[in-house]
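Engineer: what's the 3D shape of this:
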Amino acid sequence: MMDEIILRKYEQWVEKTASDGMDPDLIRELKDMAGDEARIQDAFYRNLAFGTGGLRGVIGAGTNRMNLYTVAKASQGLADYVNKNFPLDQRRIAVSYDSRIKSDTFARTSAGVFAANGIQVALYPELMPTPCLSFAVRYLGCAAGIMVTASHNPAKYNGYKVYGRDGCQITTEAADKILEEIEKLDLFRDVKLMDFDQGMSIGRISYIPEEVYTAFVEEVRKQSLLGEEEGSVNKDVAIVYTPLNGTGLKPVLRTLRESGYTNITVVKEQEQPDGNFPTCPYPNPEIREAMALGMEWARQQQADLLLATDPDCDRVGIAVRDKNGEYVLLSGNETGILLLDYICSRRRAMGSMPEDAVLVKTIVTMDLAERIAARYGVRTVNVLTGFKYIGEQIGILEAAGKADSYIFGFEESYGYLSGAYVRDKDGVDGAFLICEMFAYYASRGIGLLEKLEELYGEFGYCLNTLHSYTFEGLEGFGKMQGIMKEFREMFAGQAQGGAEPLEKSFAGRRVLTCLDYEKGLDGLPPADVLKLLLADHSSLVIRPSGTEPKLKVYLSVSGEDRKAAKEAERQLGEELEKWIFK
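Structural biologist: Predicted coordinates for the structure are as follows:
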């Protein structure tokens, strides 16, 4: 029997959406739901969660879905927050959107809500990457910004990221305050909305000028580390690029071409924006299937390098040819340590290494990065999962007058940033630096795989893998909570802060320490994350995703060679799945 409250919500939506006629798609979907209790319950059993990642969910009708009403309600809450916390002359919000289904509609609706609340809106005139939004917030002196995107999720998803005045995704404190405002609202009664065209005509909404986009591209190009070596680098390397039907096409091609890279072929089927992602249902460069068409094009073109950016162009994945001419995908960790070593070595050669140089990485990112950084005298700061925490560290350095100390930040999920001009991962910067690094080494007869083996030869072979488990709906949410509870009961609360080792094991490896980040360890904000430090330089990190219905587990192992590391990872993976599926 369906809950009465859920049924009343459904009936209210049927009535209200039919009367205002704002979205015919929702009206049809609600009518189609009639009598389907399971479908109604999943759409209305909760409000779509709002947090530091903003909103993210399946597009459709209901309080637990991304639609005009939930987006407008979130925008009203953000508008109330801005009006309460910023003086009149600072009440500006920047808006950008990607290629996803209804992204442009959600962006225009949000702009109309902000305008109706007396806030100046600066909207990109066409879809633009997430880093361009972060840049615009800072460049235009905005109080906040929103990016309409679900990043690398499948086509049925969309989302709404919120940025603070520093260009970072909002902090937990700001998210809580915005959520407090959102929860006061009735989404049919309390949301103010101005017609987009009216907002434009009265000057409340305006398009972000071309100079902002140009300034962003120029900042990316300033990240070059070639210096006097510029003339000795052959930039005619053959590159195949795919934006995976997202936002990267124009900024990535412009940046590369203005920097002298002209031998670029774009994957035609994935060139133009298309929120249905017809050739890559999961448009994530972390996933082999998303890279498959690009790799086929690379084979046909005999390309030296394959680049792929995700739909909002904040992540970048690559493949390179091995000695047998086969294309090998590099992980986010592998690309990250290659970039780190390149940046450090070039800065040392150019004499531009800061006195207190800083690498910032997440706790789930390959620990080998810390040892590479130390070789160059670079200090490592570890932060929670999420690039916003890397951006936050840049802001801390900037406040201390040490913004130049930041030389690189990365996370294992293919996010990189080498400069302080934005406060989020930047696929344009990542693509640019990868091409430069590739061309620099290629001009000296060195391949990226060779360089990677050189690093492993010096520091030992490391293997990091991500295991994701999807748990949809109310039942899945409860399952994830139960798994985290079991891990805590078994391992947490002991051996914290250098206490005696646990007398427990995982996959035959002694658990040396269990770090429970829910307790706010190392000055980090509390987070639902557990990290098991195991014998033999291995570790396991488990956490629920903040943006997807997934439980994510990161395994890290070391071995004398690739074969040994893979066997160790297999053993950990088998033990893990016994826990997940018991």
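Engineer: what stretches of the stretch 101-250 of the chain score poorly on pLDDT?
Structural biologist: Within the stretch 101-250 of the chain, no stretch has pLDDT under 70.
Engineer: helix/strand/coil for the spatially closest residue to Ile363 that is not a sequence neighbour?
Structural biologist: Using CB to CB, 6 or more residues apart in numbering and skipping residues adjacent in sequence, the residue nearest Ile363 is Asn382, 5.3 Å away. C-betas here are computed from N, CA, C, even on glycine. When classified by DSSP: H, G, I helix; E, B strand; the rest coil, Asn382 comes out as strand.
Engineer: Quick check: Asn382 vs Ala373, distance?
Structural biologist: 11 Å (CB to CB, to the nearest Å).
Engineer: If you count surrounding residues, which of the two has more?
Structural biologist: Ala373 (22 against 18; other CB atoms under 10 Å).
Engineer: Show me what the helix or strand hosting the more buried one is packed against.
Structural biologist: Applying DSSP states H and E as the criterion places Ala373 in helix 368-375. Applying 3 or more CB pairs under 8 Å, 6 or more residues apart in numbering; DSSP states H and E, we find helix 368-375 packed against helix 332-350, strand 358-362, strand 379-383, helix 448-459.
Engineer: CSV for those, including distance to Lys177 and mean pLDDT?
Structural biologist: Shown next, in CSV, are the helices and strands packed on helix 368-375 (distance: least, CB to CB, whole Å; pLDDT from 0 to 100):
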stretch, distance to Lys177, mean pLDDT
helix 332-350, 32, 97
strand 358-362, 25, 97
strand 379-383, 22, 94
helix 448-459, 44, 93
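Engineer: Quick check: which of these is buried the most?
Structural biologist: strand 358-362 (a mean of 24; mean count of other CB atoms under 10 Å).
Engineer: Alpha carbons of it, as CSV, please.
Structural biologist: Output of strand 358-362 as CSV, limited to C-alpha atoms (Å, rounded to 0.1, in the frame of the first residue of the first chain):
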residue,chain,number,x,y,z
VAL,A,358,52.7,22.4,-3.0
LEU,A,359,51.0,19.4,-4.5
VAL,A,360,47.4,18.9,-3.5
LYS,A,361,45.8,15.5,-4.0
THR,A,362,42.8,13.5,-2.6
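Engineer: That one: partners in the sheet, and parallel or antiparallel?
Structural biologist: strand 379-383 (parallel), strand 406-411 (parallel) (DSSP bridges).
Engineer: buried residues in the last one?
Structural biologist: When neighbours are counted by 16 or more other CB atoms under 10 Å, the buried residues of strand 406-411 are found to be Tyr406, Ile407, Phe408, Gly409, Phe410, Glu411.
Engineer: The second one contacts Val360, doesn't it?
Structural biologist: No - counting by CB atoms under 8 Å, Ile407 sits too far from Val360 to count as a contact (9.3 Å).
Engineer: which residues are contacting the helix or strand where Gln12 lies?
Structural biologist: Secondary structure assignment for Gln12, by DSSP H and E: helix 4-20. For helix 4-20, contacts defined as CB atoms under 8 Å, 6 or more residues apart in numbering pick out 23, 26-27, 30-31, 33, 40-41, 43-45, 61-63, 69, 188.
Engineer: quick one: Leu249 from Lys268, how far?
Structural biologist: From Leu249 to Lys268 the distance is 11 Å (CB to CB).
Engineer: Give the residue from those two that has the larger number of neighbours.
Structural biologist: Leu249 (22 against 10).
Engineer: which residue packs closest to the more buried one, ignoring adjacent ones?
Structural biologist: Leu249 sits nearest to Pro243 (CB to CB, 6+ apart), 4.5 Å away.
Engineer: Counting neighbours, what do you get for the one you found?
Structural biologist: 29.
Engineer: My understanding was that it contacts Glu269; is that so?
Structural biologist: No - the pair formed by Pro243 and Glu269 falls short of the contact definition of CB under 8 Å, at 11.2 Å.
Engineer: Now Val121, what are its backbone angles?
Structural biologist: Taking degrees, to the nearest 10, you get phi -120, psi 130 for the backbone angles of Val121.
Engineer: If it is in a bridge, with which residues?
Structural biologist: Ile93, Ile205.
Engineer: Including pLDDT, could the buried residues of strand 406-411 go into TSV?
Structural biologist: Listed next are the buried residues of strand 406-411 as TSV, based on pLDDT from 0 to 100:
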residue	pLDDT
Tyr406	98
Ile407	98
Phe408	98
Gly409	98
Phe410	98
Glu411	96
